[in-house]
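Enquirer: sequence plus the predicted model coming up.
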Amino acid sequence: MKQSQLFTKTRREAPKDEISKNAILLTRAGFIHKEMAGVYSYLPLGLRVLKKIENIIREEMNELGAQEIELTALQDKNLWEKTNRWDDKIVDIWFKIADGNLGLGFTHEEPLTRIMAEYISSYRDLPAYVYQFQNKFRNELRAKSGIMRGKEFLMKDLYSFSRTEEEHANFYNKVKVAYEKIFNRAGIGNRTYFATASGGSFGNISHEFQTICDAGEDSIYITNKEKREAKNKELGIENLEEKKSVEVGNIFPLGIRFSEAIGLYFKDENGENKPVVMGSYGIGLGRLMGTVVEVLSDKKGIVWPREISPFSIHLLSLSESAKAFSDEVHKTLEANKIEVLYDDRDLRAGEKFADADLIGIPAQVIIGEKSLASKTLEVKNRASGETREMTLENLINELI
RNA sequence: CGGGGCGUAGUAUAGCGGCAGUAUAUGUGCUUUGGGAGCACAAGGUUCGAGUUCGAUUCUCGGCGCCCCGACCA
């Protein structure tokens, strides 16, 4: 894509109402726009990152054998009364509309359990795994930390329906592995820990994926650095290393709480009626994106990991004389299905470098007098600042 | 929800009870072109309401909005 056609542009100044690094950088670079406190729109560059994250998660969910659906945001009061989660005294983050008779979903155990009750009646129908990507609405009294904790945010939620606790535990562990892959691919695997936590209002034990980050709201105690295991702070502190962290994912065993309340039963081999054993597994996409910005950016701007970068290559054409060659490189890269942001604007070199560093695409291809003379490309690594000279052919081979 | 702070141009800021200034961004022209260039001209602003006052962007009260700390976070 030609950068001259991109409707967003970068800003030198940070917006005065943002303190968090993720919001400052993403706003300055033109990835997001704040609509109101805790509510952000995603602009072309930001949406590209969000979609890359979504696709990584989708691949890993499909790999688990889960099937994608899309539930509604509007929620039925009667259904939620069955699980005692409609009352504002029980759940204080509901956005309710239509005189309080409808709500905007903050999670989706209830509606999905009801759907499954329509289709699951035998042990032969189980296990079943279903997931979706959807905006959740949570009326947080205090939104904060940029896109890390909003009132409306895109979340992947996966739900598992199993015959027995053993079957559930088996899948639960597979999800853990899938999540590790997701966070590795998103570039924060080496600082993300599997933390044991109390299960919140669901009771018992649950697990959180916590990424070490100074901007985090949580604290974890690292119990095994090599295995990246940790404990949430409320569970026994024994001279362990405490770190601030961000909860980038969670997995909850739900037991039979929802299936009993809503009536999701199956007949086992002996013809006996049993409640389905459930689990739920969430990842906030915006929070994950914000966390990546928080932990990987530097003074100059954002540094995207390869797999979630809005583009693979940022092509900088530094002068009028470099235009013809740059156009040709742009065409060739795109013909090879490589995503390129081509800075074809009529600006000085310094401004293009500053913008490229702010936007954070991992590889910059710089075409100026040098490369015109040598007929090779100058390829700069955004993270390390190192440059290499290589032919277009070699670059393409490296990227494919 | 408790506490604190802040609302001035697209953005970031200064200032003042009496014609609102700067930077940047924007438009035009000229110069410039490997790390956010320079000059000139132009266009663009006081969150809303009430009160005090001859006069309010400034002072008082209220609304709305935003930020921070805490509480909360399925």
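Expert: The structure has been received and is ready for your questions. Values in this document were obtained by computation on a predicted structure and should not be read as measured data.

Enquirer: helices of chain A, start to end?
Expert: A:21-28, A:44-63, A:77-82, A:109-119, A:165-185, A:257-262, A:285-296, A:323-335, A:349-359, A:369-374, A:392-399 (DSSP state H).

Enquirer: which residues are contacting the fourth one?
Expert: Defining contact as C-beta atoms under 8 Å, 6 or more residues apart in numbering, one finds that helix A:109-119 is touched by A:69, A:71-72, A:75-76, A:79-80, A:82-83, A:85, A:105, A:125, A:128, A:130, A:159, A:161, A:254, A:258-259, A:262-265, A:276, A:278, A:280. From N, CA and C alone the C-beta is placed, and that goes for glycine too.

Enquirer: so which of those are in strands?
Expert: Among these, the residues falling in strands (DSSP state E) are A:Q75, A:D76, A:A128, A:V130, A:Y159, A:F161, A:L254, A:Y265, A:M278, A:S280.

Enquirer: can you lay out the residues you listed as a markdown table showing distance to RNA strand B, pLDDT and neighbour count?
Expert: Putting the ones in strands among the contacts of helix A:109-119 into a markdown table (distance: C-beta to the nearest atom of the strand, whole Å; pLDDT from 0 to 100; neighbours: other C-beta atoms under 10 Å) gives the following:
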| residue | distance to RNA strand B | pLDDT | neighbour count |
| --- | --- | --- | --- |
| A:Q75 | 12 | 96 | 25 |
| A:D76 | 16 | 95 | 15 |
| A:A128 | 19 | 98 | 16 |
| A:V130 | 16 | 98 | 19 |
| A:Y159 | 11 | 98 | 25 |
| A:F161 | 16 | 98 | 27 |
| A:L254 | 9 | 94 | 23 |
| A:Y265 | 22 | 98 | 17 |
| A:M278 | 12 | 97 | 23 |
| A:S280 | 7 | 96 | 21 |
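
Enquirer: what's the farthest-apart pair in the residues you listed?
Expert: Spatial extent of the ones in strands among the contacts of helix A:109-119 (C-beta to C-beta) is set by the pair A:Q75 and A:Y265 at 23.0 Å.

Enquirer: distance between the ends of stretch A:14-34?
Expert: Using C-alpha to C-alpha, to the nearest Å, the end-to-end distance of stretch A:14-34 comes to 13 Å.

Enquirer: can you pull the buried residues of it?
Expert: A:18, A:20-32, A:34 (16 or more other C-beta atoms under 10 Å).

Enquirer: and the two most separated of those?
Expert: Between all members of these, the farthest pair (by C-beta to C-beta) comes out as A:S20 and A:G30, at 17.0 Å.

Enquirer: burial count for the residue of the stretch 201-350 of chain A found nearest RNA strand B?
Expert: Closest to RNA strand B within the stretch 201-350 of chain A is A:G350: 2.4 Å, counting by C-beta to the nearest atom of the strand. Residues near A:G350, counting by other C-beta atoms under 10 Å, number 9.

Enquirer: ok now do A:G103, which residues does it touch?
Expert: Contacts of A:G103 (C-beta under 8 Å, 6+ apart): A:L74, A:Q75, A:K77, A:W80, A:W86, A:W94, A:F95, A:K96, A:I97.

Enquirer: top of these by neighbour count?
Expert: A:Q75 (25 neighbours).

Enquirer: I'd guessed it sits against A:T107; true?
Expert: No: the criterion here is C-beta atoms under 8 Å, and A:Q75 misses it with A:T107 at 9.8 Å.

Enquirer: what separates the nearest residue to A:K267 once chain neighbours are set aside from A:N397, distance-wise?
Expert: Excluding the flanking residues, the one nearest A:K267 by C-beta to C-beta, 6 or more residues apart in numbering is A:S122, at 5.4 Å. Separation of A:S122 from A:N397 (C-beta to C-beta, to the nearest Å): 53 Å.

Enquirer: do A:V39 as well
Expert: 43 Å.

Enquirer: ok, now A:E167?
Expert: On the measure of C-beta to C-beta, A:E167 and A:N397 end up 45 Å apart.

Enquirer: again with A:H108
Expert: A:H108 is 44 Å from A:N397, by C-beta to C-beta.

Enquirer: with A:V246 instead?
Expert: 37 Å.

Enquirer: and for A:S297?
Expert: Counting by C-beta to C-beta - A:S297 and A:N397 are separated by 29 Å.

Enquirer: what about the two, which has more around it?
Expert: Per other C-beta under 10 Å, whichever of A:S297 and A:N397 has more neighbours is A:S297, with 20 against 11.

Enquirer: isn't the more buried one right up against A:V303?
Expert: Yes: counting by C-beta under 8 Å, A:S297 touches A:V303, with 5.7 Å between them.

Enquirer: what sits in contact with each of those two?
Expert: With C-beta under 8 Å, 6+ apart as the test, A:S297 and A:V303 both reach A:G360.

Enquirer: near RNA strand B, which residues of the stretch 51-200 of chain A show up?
Expert: Neighbours of RNA strand B within the stretch 51-200 of chain A, by C-beta under 7 Å from any atom of the strand: A:85, A:90-93, A:106-107, A:140-145, A:149, A:200.
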